[in-house]
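Visitor: here you go, sequence then predicted model.
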Amino acid sequence: MKIGIAGFSGSGKSTVFHWLTGVAPDPAKAQHGQLGKPDIPDERLDWLSQHFKPKKTTPAKVEFLDTPGLLLTERRDNARRLGIMRDAGGLLVVLNGFAEGDPAAELLRFREELVFADLEIVSNRIDRLQTQLKKPRPAKERDADQLELDLLKRVVSALEEGRGAASLGLKDEEEKIIRSFQLLTLKPELVLLNRGDDGTSQPLPVGLLELAPTALQAPARLERELDELSEEDRQAFMKDLNLSGFSRPEVLRKIFYGMSSIVFFTVGEDECRAWPIPKGASAVEGASQIHTDLARGFVRGEVVSYDDFKKVGSMKEAKARGVYRLEGKTYIVQDGDIMHILHS
Ligand SMILES: Nc1nc2c(ncn2[C@@H]2O[C@H](COP(=O)(O)OP(=O)(O)OP(=O)(O)O)[C@@H](O)[C@H]2O)c(=O)[nH]1
Ligand SMILES: [Mg+2]
């Protein structure tokens, strides 16, 4: 999954990017989006790897895209800057929590920019569809255009009211029709309040939580600097500063799960691996992550949850104690499932 790091200029996006990915931000690259691909640390995978002693252990990864910040005054270029994130699966909105200013107001302004950028795309498409519908064309094509037009008119009226397209609660088949526009206001959004070097023990502002109940906070610059220390020094510093709960692994996991992703595991002597999939994905969709052939020839999935496996200690015991299940194509994969796919 690709996550766009978004927000106003100077909110600390590149600092967050540096901290989370370990990749040094390059301002020249950020103009077009700079990528970093950190592993998602997972103690369960560590345990499985110790248990199976495979030749290779492969954690799940998430891609972060550092982007140029939006400008408050020169707003004309903002839609283009946001356009860099069109193909991202979600947005991590970094708000400035280290300087003067109201983060809740900053978030509202940011959402306005998303709405403007989407409005431009949707309005252009509506114009084109209206012209196209005036020409004589086969009924089937006309009907498809009319369906899209009606849908986009609903989207436009939501946007004109300042609401994102997500507020319409579109059905799957409706989302499919407008998927190609990659609307920013349809993407999952997670807010990260970038705290200053000292303001870490305060709770998140109530006004911000009302707008973004799942918001996270972290002192990104400080955390990145602490990451350069030895583990021992780091611990000592954290204790002195009364810091806790902002560690990189923890924040990465919260972002990953906050974007409605989960992992399932495959295990064996060759490789133990965590596979990221969207929450709610079926067994056959999970199989397609591994290989399209596995999805095409899918017969069934053999599934045991990580917790059950850890309790019983082996596949044999898992079978004997009835915690080992056979599941079909439509089974909804659960976070932490260990899955073996049988295919023809
Ligand atoms: N005091 C303080 N300064 C910070 C913190 N995080 C970032 N900064 C500073 O704020 C400035 C901007 O940070 P960046 O990470 O470059 O911000 P950005 O969002 O990438 O900015 P653009 O790329 O222009 O959009 C830098 O000088 C950082 O050192 C923080 O937690 N505390
Ligand atoms: Mg930057």
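Guide: The structure has been received and is ready for your questions. Ligands and ions are numbered 1, 2, ... in the order given.
Visitor: alpha carbons only for contacts and neighbour counts from here, please
Guide: Fine.
Visitor: which bits of the stretch 51-200 of the chain sit near ligand 1?
Guide: 68-69, 98, 194-197 (C-alpha under 6 Å from any ligand atom).
Visitor: go again using 5 Å as the cut-off
Guide: Residues of the stretch 51-200 of the chain lying close to ligand 1 by C-alpha under 5 Å from any ligand atom are 68-69, 196.
Visitor: out of these, which is nearest to Thr292?
Guide: When those are ranked by distance to Thr292 (C-alpha to C-alpha), Pro68 comes first, at 35.8 Å.
Visitor: quick check: phi and psi at the spatially most central residue of the chain.
Guide: Residue closest to the average C-alpha location in the chain (C-alpha atoms, centre = their mean): Met259, at 3.8 Å. Note on Met259: its backbone torsions stand at phi -90, psi 20 [degrees, to the nearest 10].
Visitor: okay, buried residues for the helix ranked longest in the chain please.
Guide: Identified as the longest helix of the chain according to DSSP state H is helix 103-134. Neighbour-count burial for helix 103-134, counted by 16 or more other C-alpha atoms under 10 Å, picks out 103-104, 106-107, 110-119, 122, 126, 129.
Visitor: do me a favour and average the pLDDT over that helix.
Guide: Average pLDDT, helix 103-134: 95.
Visitor: who are the packing partners of that helix?
Guide: helix 78-83, strand 90-97, helix 139-160, helix 206-211 (3 or more C-alpha pairs under 8 Å, 6 or more residues apart in numbering; DSSP states H and E).
Visitor: hmm, try it at 7 Å
Guide: strand 90-97, helix 139-160, helix 206-211 (3 or more C-alpha pairs under 7 Å, 6 or more residues apart in numbering; DSSP states H and E).
Visitor: got a markdown table for those, with mean neighbour count and mean pLDDT too?
Guide: Shown next, in a markdown table, are the helices and strands packed on helix 103-134 (neighbours: other C-alpha atoms under 10 Å; pLDDT from 0 to 100):
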| stretch | mean neighbour count | mean pLDDT |
| --- | --- | --- |
| strand 90-97 | 25 | 97 |
| helix 139-160 | 16 | 95 |
| helix 206-211 | 14 | 96 |
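Visitor: the residue of the stretch 151-300 of the chain found nearest ligand 1: what's it in contact with?
Guide: Residue of the stretch 151-300 of the chain nearest ligand 1, by C-alpha to the nearest ligand atom: Gly196 (3.7 Å). Shown in contact with Gly196 (C-alpha atoms under 7 Å, 6 or more residues apart in numbering): 97-98, 219.
Visitor: mind redoing it with 8 Å?
Guide: 97-99, 219-222 (C-alpha atoms under 8 Å, 6 or more residues apart in numbering).
Visitor: just Glu148 next, same as before
Guide: 177-178.
Visitor: how about the closest residue to Phe298 other than its chain neighbours, what does it touch?
Guide: Nearest residue to Phe298 in three dimensions, chain neighbours excluded: His343, at 4.5 Å (C-alpha to C-alpha, 6 or more residues apart in numbering). By C-alpha under 8 Å, 6+ apart, the residues touching His343 are 294-295, 297-300.
Visitor: ok, now Glu161?
Guide: Counting by C-alpha under 8 Å, 6+ apart, Glu161 has no contacts.
Visitor: circling back to that earlier point, any chance of JSON lines for the contacts of Gly196, columns secondary structure?
Guide: Shown next, in JSON lines, are the contacts of Gly196 (DSSP: H, G, I helix; E, B strand; the rest coil):
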{"residue": "Gly97", "secondary structure": "strand"}
{"residue": "Phe98", "secondary structure": "coil"}
{"residue": "Ala99", "secondary structure": "coil"}
{"residue": "Pro219", "secondary structure": "coil"}
{"residue": "Ala220", "secondary structure": "helix"}
{"residue": "Arg221", "secondary structure": "helix"}
{"residue": "Leu222", "secondary structure": "helix"}
